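# Show me how the following folds:
(4 chains)
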2 protein chains.
Amino acid sequence: MQTILVIDDDDSLRDTIGLMLENEGFRPILAADGKTGLHEAFAANPALMLVDLRMPGLSGVEVCKRVRAGGLQTPLIVLSAIGDEVDKVLLLEIGADDYVVKPFGTRELLARIRALLRRATPDAPDVISFSDVDVELERRVVRRRGSEVKMTRAEFNLLAFFLQNPGKALTRDVILNSVWGYDSFPNTRTVDAHVVRLRQKLEPDSEVPRYFVTLHGIGYRFLP
Amino acid sequence: MQTILVIDDDDSLRDTIGLMLENEGFRPILAADGKTGLHEAFAANPALMLVDLRMPGLSGVEVCKRVRAGGLQTPLIVLSAIGDEVDKVLLLEIGADDYVVKPFGTRELLARIRALLRRATPDAPDVISFSDVDVELERRVVRRRGSEVKMTRAEFNLLAFFLQNPGKALTRDVILNSVWGYDSFPNTRTVDAHVVRLRQKLEPDSEVPRYFVTLHGIGYRFLP
DNA sequence: CGCAATTGTAAACAGTGTGTGAAATCGCGG
DNA sequence: CCGCGATTTCACACACTGTTTACAATTGCG
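The predicted model follows:
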């Protein structure tokens, strides 16, 4: 499990991010100020850091500089309030890899975290293959026997979720919560509709699914 | 036995949930308002909490926040009416781990409770073996000498229940309540029919059961 | 040993879950 | 504000599963 260090003086936001990370399978370490955060950065050696720029005491800028000065290559995302004049040169100078402007959606933050982790650890597979299909997760490209298959957003998200949970029995509820999110309440039949399209586009014979299998009374399962 | 705290001002719903939990082998503690519930949360230190969002007096949101503020890591499921504007960020802010929209089926609630408890205590094994059979609970896969055995939903649920209660004498009533749920009332002979199928699929000699044993006049027992 | 109660089993039916195309709705970009 | 593609919902047919039933086999007890 990957550790992520969150340094932010806003209690509510910090806890929100922490819970979200936990829910998504990360191990969050929370720090309320720059000094504590810096200490944790070296003590816990996290896989990634989120740093608020504007903090009382040791500022985010200072934290980033000292992290890099200390020789840590940890991927680092800067959080900045919308009013802040954030200048990209500054970000580069302090060694940030990406930045997110508050207020941001948890979904967006998560996407950036995942993207950065993938970039930072090139041993994690970005291309997943099954049958005659190759899927590039970050580029959101799907190819079948070399030629590209067009995917809509929802289709790709669902496909990615299946790929990341091979073999597991997935109920429609779980799929909806994970792919569509907590805050939308579509009909569970929506899942069926999208599975049908995945099959039409990716199964050798969409009448006899071999990779996107129905579990009658349960939901679906992806078999690589 | 695991304790579950239920905080809901709806008397009828609260009692229903309480009965269901009792039937499923949990120890429910019921609280009719936020203040009492909060007190119980710290007094009883339950394994899991169910909290209604909308309550007069101390609201569910407040309860959740104070539970977290008090340092409790208790897994927490929020119950919300369908009309309520529930948004992911709010849920995360107050420290909820999952939510269920009313009206919900007891089955669904139970599934979420179990899933959350499993997540919270990751020491529970996922693969159980006996004879030449391996059962993967989460994947819902059964293998015999390496090759997959197809199981229907009810068959697998029954099998899982046997595996989780090895050696115990299980009456048909207990089995029905646990596997089928207390809100469905099938004939007790239904259990027999399914036991027969388990034997046919998994016993070395289905005529002479060694693992799914009959207790005449009582019910069944699984011997690993 | 015989009888009554209990259990084993296969087969049929009823009910539920799923596949799928089409229609309605959403949401973004112009 | 409109148009178009994407998404969601709907409706219907069909496949699968679960439950029941009936009868045979077995068990336990007096």
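# Chain A: helices as residue ranges?
A:11-23, A:34-44, A:60-69, A:88-94, A:106-120, A:153-164, A:172-175, A:189-202 (DSSP state H).
# Which one, of these, ends up nearest to B:Cys64?
helix A:11-23 (10.9 Å; CB to CB). Heads up, the C-betas are built off the backbone N, CA and C, glycines and all.
# mind listing what the closest residue to A:Ile113 other than its chain neighbours touches?
Counting by CB to CB, 6 or more residues apart in numbering or on different chains, A:Ile113 lies nearest to A:Leu48, which is 6.2 Å off, once chain neighbours are set aside. Counting by CB atoms under 8 Å, 6 or more residues apart in numbering or on different chains, A:Leu48 makes contact with A:Gln2, A:Ile4, A:Leu5, A:Thr74, A:Pro75, A:Leu76, A:Ile77, A:Ile113, A:Leu116, A:Leu117, A:Ala120.
# Around DNA strand C, pick out the residues from chain A.
Residues of chain A found near DNA strand C (CB under 7 Å from any atom of the strand) are A:172, A:189, A:192-193, A:195-196, A:199, A:206-207, A:209, A:214-219.
# So what touches stretch A:67-84?
Stretch A:67-84 has contacts (CB under 8 Å, 6+ apart) with A:8, A:38, A:41-42, A:45-54, A:60, A:64, A:86, A:91, A:94-104, A:109, A:112-113, A:116-117, A:119-120.
# Out of these, which end up buried?
A:8, A:38, A:41, A:46-54, A:60, A:64, A:91, A:94-100, A:102, A:109, A:112-113, A:116-117 (16 or more other CB atoms under 10 Å in any protein chain shown).
# Below-threshold pLDDT in chain A: ranges please.
Applying pLDDT under 70 to chain A flags the ranges A:82-90, A:92-93, A:102-103, A:105-107, A:120-125, A:181-184.
# Name the residue of it that lies nearest to DNA strand C.
A:Thr214 (3.7 Å; CB to the nearest atom of the strand).
# Quick check, that residue in contact with A:Leu223.
No - between A:Thr214 and A:Leu223 there is no contact under CB atoms under 8 Å: 11.6 Å.
# and which of the residues of chain A next to DNA strand C is nearest chain B?
Nearest to chain B out of the residues of chain A next to DNA strand C is A:Gly217 (CB to the nearest CB; 3.7 Å).
# The closest one and B:Met151: what is the separation?
11 Å (CB to CB, to the nearest Å).
# Could you check which of the two is surrounded by more residues?
B:Met151 (21 against 11; other CB atoms under 10 Å in any protein chain shown).
# Residues in a beta bridge with the nearest residue to that one once chain neighbours are set aside, which ones?
Residue nearest to B:Met151 in three dimensions, not counting chain neighbours: B:Val142, with 5.3 Å by CB to CB, 6+ apart. When assigned by DSSP bridges, B:Val142 has beta-bridge partners B:Val135, B:Val149.
# Hmm, B:Leu158 and B:Val142 touching each other?
No - counting by CB under 8 Å, B:Val142 stays clear of B:Leu158, with 11.8 Å between them.
# Between these two, point out the one with more neighbours.
Between B:Val142 and B:Leu158, B:Leu158 has the larger neighbour count (other CB under 10 Å), namely 25 against 20.
# Contacts only, for that one.
B:Leu158 neighbours (CB under 8 Å, 6+ apart): B:Ile175, B:Val179, B:Val191, B:His194, B:Val195, B:Leu198.
# For the residues you listed, give me CSV that also has distance to B:Ser131.
Listed next are the contacts of B:Leu158 as CSV, based on distance: CB to CB, whole Å:
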residue, distance to B:Ser131
B:Ile175, 21
B:Val179, 21
B:Val191, 21
B:His194, 18
B:Val195, 16
B:Leu198, 12
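# I'd like those residues laid out as a markdown table, including distance to B:Leu13 and neighbour count.
Output for the contacts of B:Leu158, formatted as a markdown table (distance: CB to CB, whole Å; neighbours: other CB atoms under 10 Å in any protein chain shown):
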| residue | distance to B:Leu13 | neighbour count |
| --- | --- | --- |
| B:Ile175 | 27 | 21 |
| B:Val179 | 24 | 20 |
| B:Val191 | 29 | 23 |
| B:His194 | 31 | 19 |
| B:Val195 | 35 | 23 |
| B:Leu198 | 36 | 22 |
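# Show me the subset of those residues that also lies near DNA strand D.
Answer for the contacts of B:Leu158 near DNA strand D (CB under 7 Å from any atom of the strand): B:His194.
# Out of the contacts of B:Leu158, the closest to B:Met20 would be?
B:Val179 (14.1 Å).
# interface residues of chain A facing DNA strand D?
So far as CB under 7 Å from any atom of the strand goes, chain A lies against DNA strand D at A:150, A:152-155, A:180, A:184-187, A:189-190, A:193-194, A:216-217.
# Mind doing that once more with 10 Å?
A:150-158, A:176, A:179-181, A:184-194, A:196-197, A:214-218 (CB under 10 Å from any atom of the strand).
# Just the buried ones from the residues you listed?
Among these, the ones that count as buried by 16+ other CB under 10 Å are A:151, A:155-158, A:176, A:179-180, A:190-191, A:194, A:197, A:215, A:218.
# out of the residues you listed, who's nearest chain B?
Set against chain B, the nearest of these by CB to the nearest CB is A:Ile218 (6.0 Å).
# so the nearest residue to A:Leu109 once chain neighbours are set aside bridges to which residues?
In space, and not counting its chain neighbours, A:Leu109 is closest to A:Val100: 5.8 Å by CB to CB, 6+ apart. With DSSP bridges as the criterion, A:Val100 is bridged to A:Leu79.
# what's near enough to touch A:Val100?
By CB under 8 Å, 6+ apart, A:Val100 lies in contact with A:Ile77, A:Val78, A:Leu79, A:Ser80, A:Glu108, A:Leu109, A:Arg112.
# Quick one, which of those residues are buried?
A:Ile77, A:Val78, A:Leu79, A:Ser80, A:Leu109, A:Arg112.
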